[in-house]
Structures are given as structure tokens and as C-alpha cells.
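# I need the structure of the sequence given here:
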Amino acid sequence: MSWQQAEVRTLKVNRYVLIDDEPCRITSMSTSKPGKHGEAKARVEGVGIFDGQKRSFVHPVSHKVKVPMIDKRSAQVLSIMGSEVQLMDMVSYETFNVPIPDEFANELEAGKEIQYLIAMDRKKITRV
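Sure, this is the predicted structure:
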């Protein structure tokens with residue numbers, strides 16, 4: 001299982017949450033006061049890790065939501081093939097291809113060590 005459950009009240013800005021089954025980094029949170037017969041509600045806004053889209057939800061603070069398991073690792077660049085780069089994990093020595101993010105297009109070169117993350121069985125370069 002690549003996610004776990006957490007209550008909305010335990011979420012924090014810059015952490016991660018699943019919104020519409022997409023792992024997102026939380027950009028803002030606001031909580032309303034409890035009503036006369038209800039409980040406090042929280043509005044959580046986030047940006048998708050892989051697609052950059054803004055998403056949000058409103059739930060009671062005791063509602064359970066899914067939090068993705070984010071694994072941050074390092075890898076070495078083996079080769080650059082057009083819009084993809086071949087990487088080798090520095091621990092498991094597994095090789096795999098990932099798309100090159102626009103912000104790192106000119107910084108990647110063979111032999112360089114980079115940081116990447118794995119979330120929901122998908123990989124993304126985070127730091128060069």
C-alpha cells in the first residue's frame with residue numbers, strides 16, 4: 001500500500017495529501033469555527049506533485065483522508081535521451097527512465113547525482 005490514513009486536523013502546509021487520487025503538496029489550510037450543530041470544517045488546497053494542477057477539498061476536521069507515502073532517494077544520471085533521462089538508484093542500483101522536468105532541462109548531464117521522489121509508484125526528479 002502506497003498511502004496511509006490521517007485525520008484532516010493532522011495535516012500541515014508543505015506536507016502531502018491525496019486529492020482526487022493525485023499526490024499533492026499542501027499549499028494552504030484554513031479551518032472554520034464549529035457551527036451550532038456541526039463540527040469545524042477544513043479547506044485544504046494543494047498542488048499536484050506530478051502535474052502541477054491546483055486542487056482542493058473541504059471536509060470536517062475529523063474526516064479521514066489518504067496521505068501518500070513519499071520516498072526521497074538519490075540517483076545517478078546514466079544517459080539523456082531526448083525528453084527522458086535514464087537514472088540508476090544509488091542504493092538498489094535499479095535503472096529506470098523518467099521524463100525531464102522543464103526546470104532541470106539544461107542542468108542534467110551524465111554522471112551527475114540527482115535527488116528524486118517516488119509517490120504512488122511514480123517517479124519525479126526533485127533536485128539536481
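# all contacts plus neighbour counts: C-alpha atoms, from now on.
Fine.
# separation between residue 71 and residue 118?
Distance check for residue 71 against residue 118: by C-alpha to C-alpha, to the nearest Å, it reads 5 Å.
# same thing with residue 77?
Counting by C-alpha to C-alpha, the gap from residue 77 to residue 118 is 16 Å.
# Comparing the two, which residue is more hemmed in?
The residue with more neighbours, out of residue 77 and residue 118, is residue 77; 19 against 16, by other C-alpha atoms under 10 Å.
# pLDDT score assigned to that one?
Per-residue confidence (pLDDT) for residue 77: 94.
# That one: what's it in contact with?
Residues touching residue 77, when contacts are defined by C-alpha atoms under 8 Å, 6 or more residues apart in numbering, comprise 85, 86, 87, 88, 108, 109, 110, 111, 112, 113, 114.
# How about the secondary structure of the first one?
Taking DSSP: H, G, I helix; E, B strand; the rest coil as the rule, one finds residue 85 in the strand state.
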